Structures are given as structure tokens and as C-alpha cells.
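>>> Provided below are the primary sequence and the corresponding predicted coordinates.
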Amino acid sequence: MTQLIAYLHFSGQCREALTFYQQCIGGELNMQKIAESPMGAQMPSDAGANILHATLKKDGITIVMGSDMMGARLKPGNSVALCLNCSSNEELNKCFDRLSSGGLVTMPPHQSFWGSIYGELTDRYGISWMLNYTKN
């Protein structure tokens, strides 16, 4: 099933913020530190404790996702991205092509280290999108 999920970007406060949201909303919170990922060796050592990716789920549905990965690129107005979890690779490519028309591709769709096809773009209206497809 295709889902649209808010993806929140933080500058070192992802763990604190998503823990707070979990306390408010309930659900299961999963977090991966940068140091625990294949990217860990490529990042500055002080970034290792930051969150690469966090997901808060309730009743089997993802409520919100988050990360500390924006770093210096984080500015007021770009702290939220829409994450479109697609139901097929074909859907991802079709949506990516349409959304990126007149916009800026920041990361073309590719095979990610976490096993999904993944890409990022900013549409012509300045909205950040993250498209993801995980084959079940």
C-alpha cells in the first residue's frame, strides 16, 4: 500500500523529539545511530551518536519518521520532508519522474544499503520528497 509519511529533520535532537512523540502518541520507536550503519565509518566521529533514521509506528502504521542527517543543510522551512513509501519500483520511478519535473533531483533513485530503492528530490514548489520502495 502506498503511504505518505511526514519525515522530520533535526540537528541532533531526533532521539529526544521522537521519544517525546512516542510518550505523547504511544507506539513502537525504532532508531538507528549513524555509527551503527555502513555510513558510520565515512562520517565524523562526533556524528556517530546522532540518529540516521527513526520510525515511530502505532498499530502497524508508521506515524512519523526522523533523522539528524541534514546537519548544516538544515534551515527553517526544510525540516520536514514528505516520504512516499511506494508499492512497486515502477510506481516509485513514475512518481519520482513526475514530482521532479521542474524541480531539483538531490539523490536519484538507487539501491540503498538498507535494501530499498530510494531517491530524494525537491519539487518545483520547494517541497522536499523522499521516495522509498521496499520489496516484501
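Thanks, I have the structure now.

>>> any buried residues in stretch 101-120, and which?
For stretch 101-120, burial by neighbour count (16 or more other C-beta atoms under 10 Å) applies to 103, 109, 116-120. The C-beta positions use only the backbone N, C-alpha and C, and glycine is treated the same way.

>>> ends of that stretch, what's the gap?
13 Å (C-alpha to C-alpha, to the nearest Å).

>>> likewise for stretch 30-42?
Taking C-alpha to C-alpha, stretch 30-42 runs 23 Å from one end to the other.

>>> list the contacts of that stretch.
Stretch 30-42 is contacted by residues 14-15, 18, 43, 47-55, 57, 68-69, 113 when judged by C-beta atoms under 8 Å, 6 or more residues apart in numbering.

>>> looking at the buried residues of stretch 101-120, which are in strands?
Using DSSP state E, the subset of the buried residues of stretch 101-120 located in strands is 109, 117-120.

>>> farthest pair in these?
By the measure C-beta to C-beta, 117 and 120 form the most distant pair in these, at 12.1 Å.

>>> let's see stretch 57-74 as PDB, backbone CA atoms only.
The C-alpha trace of stretch 57-74 is given here as PDB (Å, rounded to 0.1, in the frame of the first residue of the first chain):
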ATOM      1  CA  LYS A  57       4.800   3.100  14.400                       C
ATOM      2  CA  LYS A  58       1.500   2.500  16.100                       C
ATOM      3  CA  ASP A  59      -1.000  -0.300  15.300                       C
ATOM      4  CA  GLY A  60       1.300  -1.400  12.400                       C
ATOM      5  CA  ILE A  61       1.200   2.000  10.700                       C
ATOM      6  CA  THR A  62       4.100   4.400  10.500                       C
ATOM      7  CA  ILE A  63       3.100   7.700  12.300                       C
ATOM      8  CA  VAL A  64       6.300   9.700  11.700                       C
ATOM      9  CA  MET A  65      10.000   9.300  10.700                       C
ATOM     10  CA  GLY A  66      13.000  11.400  11.600                       C
ATOM     11  CA  SER A  67      16.700  11.900  11.200                       C
ATOM     12  CA  ASP A  68      19.700  14.000  12.300                       C
ATOM     13  CA  MET A  69      21.300  13.700   8.900                       C
ATOM     14  CA  MET A  70      20.600  17.200   7.500                       C
ATOM     15  CA  GLY A  71      23.400  18.800   9.500                       C
ATOM     16  CA  ALA A  72      24.400  22.200   8.200                       C
ATOM     17  CA  ARG A  73      21.800  21.900   5.400                       C
ATOM     18  CA  LEU A  74      19.000  22.200   8.000                       C
END
